[in-house]
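Q: Build me a structure from this.
(2 chains)
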Amino acid sequence: MSDSEKYSRLSRLVGRPGLTETVSVDRIVSAFASYGIWALTIGIVVFLWLPLSQIVALSFTENSVLFPLGGVTLQNYVSLFTNESLLAAARQSAFVATVSAGVATLLGVPLGFAIARHSFRGKSLLRGLVIVPLLMPGVIMGISLLILFRVVGLSSGFFTTVLAHSVYGLPFIVLPVVARLAVFNRNLEEGARDLGADGRAVLQDVTLPIISPAIAAGFVFAWLRSFEDFIRVFFVGGTMDALTKEMYGMVVYSQGTEAMDPMATIIVLVISLALAVAINFRDILEYV
Amino acid sequence: MSSFKKLDDAFGGRSERAKLALMAGPGVGWLLTLILAPAAFLVMVSFAEINSSYDVVWSFSVSNYRELFIGESGLFQTPFVDSFILSLRISAVTTFLTVVLAYPVAYLLTRLSGRRFKILLFAVLVPFFTIFIVRIYSWLSLFGSQGLINNALVAMPFISEPVGAFEYGELAVIISLTHAFFPYMLLTLYSSLEGIDYGVIEASRDLGATRLEIAKDVVVPLSAQGLITGCVFVFVPALGTFITPQFLARGKFLMIAEVLTGRINELYAINYGAAGSLFLIIPTIIAFAIVMRTTSLEAMG
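A: So this is what the prediction gives:
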């Protein structure tokens, strides 16, 4: 075995950057990988945005397909804003989402405190139960609640939808609150108490301000999940209007989708703006 | 004041418990009545029958299950079984695709900071927050024989007619599901990759590991927890999806949620629906067990 062979074997084992070709191959792979990862990421971003940007473009054109290109028009927006039933459904969905997320917040914040700060029997079971609404497929939740409401004799509508959506939204409140309380520095509370604050003042002036971003983020998620839900409201909403039901009807029974594109465009724009603001102000990944 | 304090101390144990009951009680009650009780009812109804006035007749029969699995042409020759297998396949492929696509992006996100990080985060999160039905709808005009993809292909030389793969069907469903669920995978992978001490990666590089070896022996094992959680959070909802095949399969085939929904909606066969639902609950329970084993609640916020 020549010296260079020995060296090459040694360097393959120990891997010191040195004289052998294994290192330069690795360097090529390395460079390739770092460009590759960028190329791939850009490709994925295009993949994520392509359908959505196409919708935005469609919302301003005369044709309902991109090719052949039609003229630019605002007609689709006119048909959206004169579609009274679609607008009413959007308002109704926003209302249901607000009430449901509110109920989930009222129930979820104390529950999060109980899980994070107290020890009691059955706690590990409860920790499991909390994430079930998150994992349970919507169709199962819808069918099982339909059966429950029917057996109990509750008629479907606004109330049953709020029940379904509030339990659906519960994990989105409990999980961020528990996570936030887990890293909460309890010395702050101790300090406030030592300085003479009573339990209520501590909660109001120390604890809640620190965890309120988590609660707010949870509320937004619970709200969005309720707003975008189709299958649960389909089963338990009865004849109540909902935006997703209207949209579903437009696509599946093709009752003219010209209002769909501007509606989708407005949703994409609102979300983009809200998200851009959120990303610039906070480390939002803490809450997702 | 002091006497109150004494009183409070004397009843300390009980008031503490009362406080806890007050805090956790309503939320727990909600979960019990709206998640557990309905699930229990579902199991009971799956063994029951429905009479002609659409009331549940409590009984114990396995006829609903027989209907699921035994068709006119034999065992397992039913629309339910076909749909179930198809749904499992579609969800599995979707999950695989999200893993393959999300890993590099998640890794890149952990390596970026400042402006670049924010821009990339924004770019991947906007589709995530856009409501689900819009995300699925946005693929509608891309697929189909008159869709954008086929129109573009036909405009090219050598392709004279629409390509079958880009009609509405399985590929359209898989691609749109991958598009819709990609961010779930990305975020869970990101949060577990972010927890990896970069020093470990540098150390293995210093010790001569190649990129591939680092990925295989260091990054993937250390982020396995996030990978598993991500898979669960993609696979389970994909399995139960209803809107996606409604929009993008256009009746070419039915996924499991469509079969169940159709039976309940058209025939009010909630007993059949309940029995079928159990086969979606089983994967959910398995998923649940996996998540409980691999993830702590604190890490899921």
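Q: Work out the gap between the helix or strand residue A:214 falls within and the centre of the chain.
A: For residue A:214, the host element (DSSP states H and E) is helix A:208-228. From the chain centre to the centre of helix A:208-228 is a distance of 10 Å (C-alpha atoms, centre = their mean, to the nearest Å).
Q: Please apply the same query to stretch A:140-151.
A: Distance of stretch A:140-151 from the chain centroid (C-alpha atoms, centre = their mean) equals 25 Å.
Q: For that stretch, which outside residues touch it?
A: Residues external to stretch A:140-151 that are found in contact with it (C-beta atoms under 8 Å, 6 or more residues apart in numbering or on different chains): A:133, A:155-156, A:160, A:163-164, A:168, A:231-232, A:234-236, B:34-35, B:37-39, B:41-42, B:45, B:56, B:240, B:260, B:264, B:270, B:273-274, B:277, B:280-281, B:284. Just so you know, the C-beta spots here come from the backbone N, C-alpha and C atoms, and that holds for glycine as well.
Q: just checking, what's the longest helix in chain B?
A: Assignment by DSSP state H gives helix B:79-111 as the longest helix of chain B.
Q: Where helices are concerned, which of the contacts of stretch A:140-151 count?
A: Residues from those lying in helices, with DSSP H as the criterion: A:133, A:160, A:163-164, A:168, A:231-232, A:234-236, B:37-39, B:41-42, B:45, B:260, B:264, B:270, B:273-274, B:277, B:280-281, B:284.
Q: any weak-confidence spans in chain A?
A: For chain A, the stretches with pLDDT under 70 are A:1-33, A:63-70, A:254-257, A:279-288.
Q: Distance of the spatially most central residue of it relative to chain B?
A: By C-alpha atoms, centre = their mean, the mean C-alpha position of chain A lies nearest to residue A:221, the distance being 5.4 Å. Counting by C-beta to the nearest C-beta, to the nearest Å, the gap from residue A:221 to chain B is 9 Å.
Q: related to what we said a few turns ago, which helices and strands does the longest helix of chain B pack with?
A: Packing partners of helix B:79-111 (3 or more C-beta pairs under 8 Å, 6 or more residues apart in numbering or on different chains; DSSP states H and E): helix A:21-59, helix B:63-69, helix B:114-129, helix B:170-194, helix B:224-239, helix B:256-267.
Q: mind putting those in JSON lines, distance to residue B:77 and mean neighbour count included?
A: Conversion of the helices and strands packed on helix B:79-111 to JSON lines gives the following (distance: least, C-beta to C-beta, whole Å; neighbours: other C-beta atoms under 10 Å in any protein chain shown):
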{"stretch": "helix A:21-59", "distance to residue B:77": "37", "mean neighbour count": "16"}
{"stretch": "helix B:63-69", "distance to residue B:77": "9", "mean neighbour count": "17"}
{"stretch": "helix B:114-129", "distance to residue B:77": "40", "mean neighbour count": "17"}
{"stretch": "helix B:170-194", "distance to residue B:77": "21", "mean neighbour count": "23"}
{"stretch": "helix B:224-239", "distance to residue B:77": "22", "mean neighbour count": "22"}
{"stretch": "helix B:256-267", "distance to residue B:77": "14", "mean neighbour count": "20"}
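Q: what about residue A:151, how many neighbours?
A: By the criterion of other C-beta atoms under 10 Å in any protein chain shown, residue A:151 has 16 neighbours.
Q: Helix or strand: which one has it?
A: Secondary structure from DSSP H and E places residue A:151 in helix A:138-152.
Q: low-scoring stretches of chain B, by residue?
A: Using pLDDT under 70, chain B drops low at B:1-14, B:51-57, B:71, B:74-76, B:294-301.
Q: go with 90
A: Scanning chain B for pLDDT under 90 picks out the ranges B:1-29, B:32-33, B:35-88, B:92, B:100-172, B:180-244, B:246-301.
Q: Which part of the stretch 201-301 of chain B gets nearest to chain A, residue-wise?
A: The minimum distance from the stretch 201-301 of chain B to chain A, using C-beta to the nearest C-beta, falls at residue B:208 (1.3 Å).
Q: can I assume that residue sits in a helix?
A: No - assignment of residue B:208 by DSSP: H, G, I helix; E, B strand; the rest coil gives coil, placing it outside any helix.
Q: can you count the residues close to it?
A: Count around residue B:208 with other C-beta under 10 Å applied: 17.
Q: on that earlier part again, I'd like to know which elements the helix holding residue A:214 is packed against.
A: Counting contacts by 3+ C-beta pairs under 8 Å, 6+ apart, helix A:208-228 packs against helix A:84-117, helix A:158-182.
Q: Check these for me and report the most buried one.
A: With neighbours defined as mean count of other C-beta atoms under 10 Å in any protein chain shown, these peak in mean count at helix A:158-182, which reaches a mean of 25.
Q: From the chain's centroid, how far away is it?
A: 13 Å.
Q: That one near chain B anywhere?
A: Yes - part of helix A:158-182 sits near chain B under the criterion C-beta under 8 Å from any C-beta of the partner chain, namely A:163-164, A:166-167, A:170, A:174-180, A:182.
Q: Of those, which is the nearest to chain B?
A: Lowest distance from chain B to the residues of helix A:158-182 next to chain B (C-beta to the nearest C-beta) belongs to residue A:179, with 2.5 Å.
Q: Is it correct that that closest one is in contact with residue A:215?
A: No - Residue A:179 lies out of contact with residue A:215 (C-beta atoms under 8 Å); the separation is 11.7 Å.
Q: For residue A:93, list the residues it contacts.
A: A:226, A:227, A:241, A:242, A:243, A:244.
Q: ok, now with 10 Å
A: By C-beta atoms under 10 Å, 6 or more residues apart in numbering or on different chains, the contact set of residue A:93 is A:161, A:226-229, A:233, A:240-246, B:131.
Q: Pull the most distant pair out of these.
A: Largest separation among the contacts of residue A:93 by C-beta to C-beta: A:240 and B:131, giving 18.0 Å.
Q: Among these two, which residue is more densely surrounded?
A: Between residue A:240 and residue B:131, counting by other C-beta under 10 Å, residue B:131 is the more crowded of the two (22 against 18).
Q: these two touch, right, that one and residue A:230?
A: Yes - the pair residue B:131 / residue A:230 is scored as a contact, 9.4 Å apart, by C-beta atoms under 10 Å.
Q: Now do the shared contacts for these two.
A: Residues touching both residue B:131 and residue A:230 (C-beta under 10 Å, 6+ apart): A:243, A:244, A:247.
Q: hang on, the first one packs against residue A:80?
A: No - counting by C-beta under 10 Å, residue A:243 sits too far from residue A:80 to count as a contact (12.0 Å).
Q: what touches both of these two?
A: In contact with both residue A:243 and residue A:80: A:86, A:87, A:90, A:263, using C-beta under 10 Å, 6+ apart.
Q: among those residues, which are in reach of chain B?
A: With C-beta under 10 Å from any C-beta of the partner chain as the criterion, those include residue A:263 near chain B.
Q: Out of the shared contacts of residue A:243 and residue A:80, flag the one nearest to chain B.
A: Scanning the shared contacts of residue A:243 and residue A:80 for proximity to chain B, where the rule is C-beta to the nearest C-beta, the winner is residue A:263, at 7.9 Å.
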